[in-house]
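[1] Next input, structure requested:
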Amino acid sequence: TLAPIPLIGVLDAGEVRELCSVMELRRLQKGDVVTDVGHPAHALYWIARGSVSVSRGDKFLGELVPNQFFGEIALVLGGAARTAQVTAAMRVLLLVIPAEQVEKVAARQPRLGKVLANHARARLLATVMRTSELFQRLDDDERTTLLPLFETEMFSAGDTIIHKGSEDQRLVVVASGRCEMRDGETVLAELETGDGMGEASLLTRRPAPCDVVATEQTVVLSLSREKF
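    Presented below is the predicted three-dimensional model:
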């Protein structure tokens with residue numbers, strides 16, 4: 001029995017059956033690690049029973065309970081590295097939705113694929129907004145208002161995210177992956193999930209002072225000056 005969560009509420013009966021057909025049931029004991037930092041993202045997870053804790057290093061990021069999802073980066077950028085550790089806080093029943101199976105379902109049910117992709121993107125944005133230090137001072141309503149203003153951009157290793165001297169002022173926040181701030185061959189800083197860049201140029205309207213280059217597959221959230 002699937003709970004009437006927003007995702008299920010927008011699907012018709014045929015689409016729900018298609019989604020159920022690719023789910024795999026996984027049983028976990030307390031302390032079992034579901035995903036860890038650096039693991040490849042190949043699946044979306046849906047908690048059927050129990051709860052899991054989410055952490056990054058020594059920092060506790062939160063707890064997820066039945067009918068909540070995690071791992072949505074798999075549907076946004078399959079194979080990207082996980083950015084947090086998820087551990088069973090008690091006995092857990094998980095519904096696992098492999099990304100490769102979602103692609104097959106989307107070929108048969110295009111609207112289902114679109115709904116899943118949009119849901120995953122919204123979840124990814126909300127997670128970064130909640131965990132990034134840039135947005136810690138905002139309350140939930142303010143984050144909800146800000147969320148739709150960001151666009152999602154994807155980069156491969158070696159791609160330049162921001163070019164030195166560019167006047168395309170925007171705030172960029174790393175959602176997944178890693179990148180470097182560079183001045184020529186000199187690495188000024190390394191950026192990872194939750195880190196932001198470009199805020200000084202956004203506020204002062206000055207050209208970007210350095211290049212920002214992806215060092216692995218990277219997803220960023222981008223807020224243009226116009227929307228800011």
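
[2] C-alpha from now on. contacts and neighbour counts both.
    Noted.

[3] ok, and the closest non-adjacent residue to Val187?
    Of all residues beyond its chain neighbours, the one nearest Val187 is Met181 (6.0 Å), with distances taken as Cα to Cα, 6 or more residues apart in numbering.

[4] I'd like the average pLDDT over the helix or strand hosting that neighbour.
    Met181 belongs to strand 179-183 when assigned by DSSP states H and E. Across strand 179-183, pLDDT averages out at 93.

[5] which other residues reach that strand?
    Contacts to strand 179-183, defined as Cα atoms under 8 Å, 6 or more residues apart in numbering, come from residues 187-192, 210-216, 218.

[6] Go through the very next helix or strand once past it and flag the buried ones.
    Downstream of strand 179-183, the first helix or strand assigned by DSSP H and E is strand 186-191. By neighbour count on 16 or more other Cα atoms under 10 Å, the buried set for strand 186-191 is Leu191.

[7] mind exporting strand 186-191 as PDB, just the C-alpha atoms?
    Extracted C-alpha coordinates of strand 186-191, given in PDB (Å, rounded to 0.1, in the frame of the first residue of the first chain):
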ATOM      1  CA  THR A 186      47.100  28.200  -8.700                       C
ATOM      2  CA  VAL A 187      44.300  26.500  -6.800                       C
ATOM      3  CA  LEU A 188      42.800  29.100  -4.400                       C
ATOM      4  CA  ALA A 189      40.200  26.900  -2.800                       C
ATOM      5  CA  GLU A 190      38.400  23.600  -3.100                       C
ATOM      6  CA  LEU A 191      34.600  23.500  -3.100                       C
END
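
[8] Report all helices and strands that the following helix or strand past it contacts.
    Next helix or strand after strand 186-191 toward the C-terminus (DSSP H and E): strand 196-197. On a contact count with 3 or more Cα pairs under 8 Å, 6 or more residues apart in numbering; DSSP states H and E, strand 196-197 meets strand 170-176.

[9] Can you list the strands that the helix or strand in which Val54 is found pairs with?
    Assigned by DSSP H and E, Val54 belongs to strand 52-56. Strand pairing for strand 52-56, using DSSP bridges, gives strand 59-64 (antiparallel), strand 85-88 (antiparallel).

[10] any idea which helix is longest in this protein?
    Scanning the chain for the longest helix, with DSSP state H as the assignment, gives helix 110-131.

[11] what's it in contact with?
    For helix 110-131, using Cα under 8 Å, 6+ apart, the contacting residues are 7, 11, 15, 61, 72-73, 75-76, 102-103, 105-107, 135-136, 143-144, 147, 152, 175, 193-194, 221.
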